[in-house]
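> Prediction below, plus the sequence it came from.
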Amino acid sequence: MLERKQCFRAAWIVLLAVMLFAAGSVLRHAYADSLVRVISTTPNNPSSIAVNPTTNKIYAADFHDGISVIDGSTNTVTSNLAVPNAADIAVDPNTDKVYTCASSGLEVIDGSTNDVLSTIPVSCDSVAVNPVTEVIYAA
């Protein structure tokens, strides 16, 4: 009976060690403290950045030059969107819509086509998306 308890305890220790190692691997990647790569964008001075984790697209907004769309798997710019005075940017990964505060209002962009779907006439400098409720906040 004692031998069975020791085997059971050893199995739990091995399982715990494997779980801790796996968690350490994930945490190490999620919280890296080093620069991975510098990506040159057409906007020379991006003021805001947003990531769609579902499509692995990165959006860099520049107040003077518009928005660069970056493919996260290749780290290359795939498109440049002419959005005047894009100040802040946010992404809803569930709907694949991108929201940016621009001089014309809150621009709603289709993330799959990069087309502007609509402009909400509101003055804003900051935008955020709650992907759970799919509510967009602009200030």
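Thanks, I have it.
> now for the chain, which residue lies nearest the mean position of the chain?
Centroid-nearest residue in the chain: Val51, 1.8 Å away (criterion: C-alpha atoms, centre = their mean).
> Run through the bridge partners of the closest residue to that residue other than its chain neighbours.
Excluding the flanking residues, the one nearest Val51 by C-beta to C-beta, 6 or more residues apart in numbering is Ile58, at 5.2 Å. Any C-beta I mention is one placed from the backbone N, CA and C, and that applies to glycine too. For Ile58, the beta-bridge partners are Val51, Ile70 (DSSP bridges).
> Thr76 versus Ile58, what's the distance?
Distance, Ile58 to Thr76, using C-beta to C-beta, to the nearest Å: 10 Å.
> So which of those two has more stuff around it?
Ile58 (20 against 10; other C-beta atoms under 10 Å).
> Need the pLDDT of the more buried one.
Model confidence at Ile58, given as pLDDT, is 93.
> same thing with Met1?
50.
> now swap in Ala138 and tell me
On pLDDT, Ala138 comes in at 93.
> Tell me how many other residues surround it.
Ala138 has 17 nearby residues by other C-beta under 10 Å.
> Bridged to it, which residues?
Listed by DSSP bridges, the beta-bridge partners for Ala138 are Val127.
> my guess is it meets Ser126, correct?
Yes: judged on C-beta atoms under 8 Å, Ala138 makes contact with Ser126 at a distance of 7.0 Å.
> Give the residues shared as contacts by these two.
Cys101 (C-beta atoms under 8 Å, 6 or more residues apart in numbering).
> Right, I'll call it a day here.
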